[in-house]
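Chemist: Would you be able to build a 3D model of this:
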Amino acid sequence: MSARIAQSVVDYLIKAGIDGARLKAVGYGKFKPYIVDATTAKSYDFLPQGKESTQEFIETLTPEQQEIANQINRHTEYLNHLDQVKLQLTRELRPLSKMKINQNVKNIFDFQFSGFELIDYNPYPHIKRDVAV
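Modeler: Residues are numbered from 1 along each chain as shown. Presented below is the predicted three-dimensional model:
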């Protein structure tokens, strides 16, 4: 599955105008699971340092912990972005926001931006990074 996801990203980038010769799809899947590092273990006490984040291990976690572990497994790291990744991993999880939708709108095509309200939205500041494509 990870190879298919990687290939779909490459296909999307090619359609967006990126030279395919510059891209290579690699999906490691269960052959190269994420190994919990010290920073991740410090942020998530249910992920012991050095543990392979395999599907079998993830299934032993609570549903909330499984969601976090799956998100960590799906990350993409670029070698020139490691400082930003490390900063992101030091951030504490915040409660999810809620979305209030205008109940008076009955047709999905009639919705407007003003018909949605985010409640308790508390994002961290963005992590600035130069990006080249």
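Chemist: Report pLDDT for the residue in the chain sticking out farthest from the centre.
Modeler: What lies farthest from the middle of the chain is Asn104; by Cα atoms, centre = their mean that is 33.4 Å. Listed pLDDT for Asn104 reads 93.
Chemist: got it, and the one 5 residues further on?
Modeler: Note on Phe109: pLDDT of 92.
Chemist: Assumed it was part of a helix.
Modeler: Yes. According to DSSP: H, G, I helix; E, B strand; the rest coil, Phe109 belongs to a helix.
Chemist: separation between it and Gly115?
Modeler: Distance, Phe109 to Gly115, using Cβ to Cβ, to the nearest Å: 12 Å. C-beta: built from backbone N, CA, C; applies to glycine.
Chemist: Which one's more surrounded, the two?
Modeler: A direct count of neighbours by other Cβ atoms under 10 Å for Phe109 and Gly115 places Gly115 higher, at 13 against 5.
Chemist: quick one, what contacts the closest residue to that one other than its chain neighbours?
Modeler: Counting by Cβ to Cβ, 6 or more residues apart in numbering, Asn102 is the residue found nearest to Gly115 once chain neighbours are left out, at 3.8 Å. Counting by Cβ atoms under 8 Å, 6 or more residues apart in numbering, Asn102 makes contact with 111, 114-116.
Chemist: How about Val36?
Modeler: 47-53.
Chemist: Val9 is in contact with Ala25, isn't it?
Modeler: Yes. If you go by Cβ atoms under 8 Å, Val9 and Ala25 touch, sitting 7.1 Å apart.
Chemist: what pLDDT does Val26 get?
Modeler: 73.
Chemist: which residues does it contact?
Modeler: 3, 6.
Chemist: Does the helix or strand of the chain with the lowest mean pLDDT pack against any helices or strands, and if so which?
Modeler: Ranking every helix and strand in the chain by mean pLDDT, DSSP states H and E puts helix 2-15 at the bottom, with a mean of 81. Taking 3 or more Cβ pairs under 8 Å, 6 or more residues apart in numbering; DSSP states H and E as contact, there are no helices or strands that helix 2-15 lies on.
Chemist: what is the mean pLDDT for the helix or strand that that helix is followed by?
Modeler: If you walk from helix 2-15 toward the C-terminus, the next helix or strand you reach (DSSP states H and E) is helix 38-43. Per-residue pLDDT over helix 38-43 has a mean of 91.
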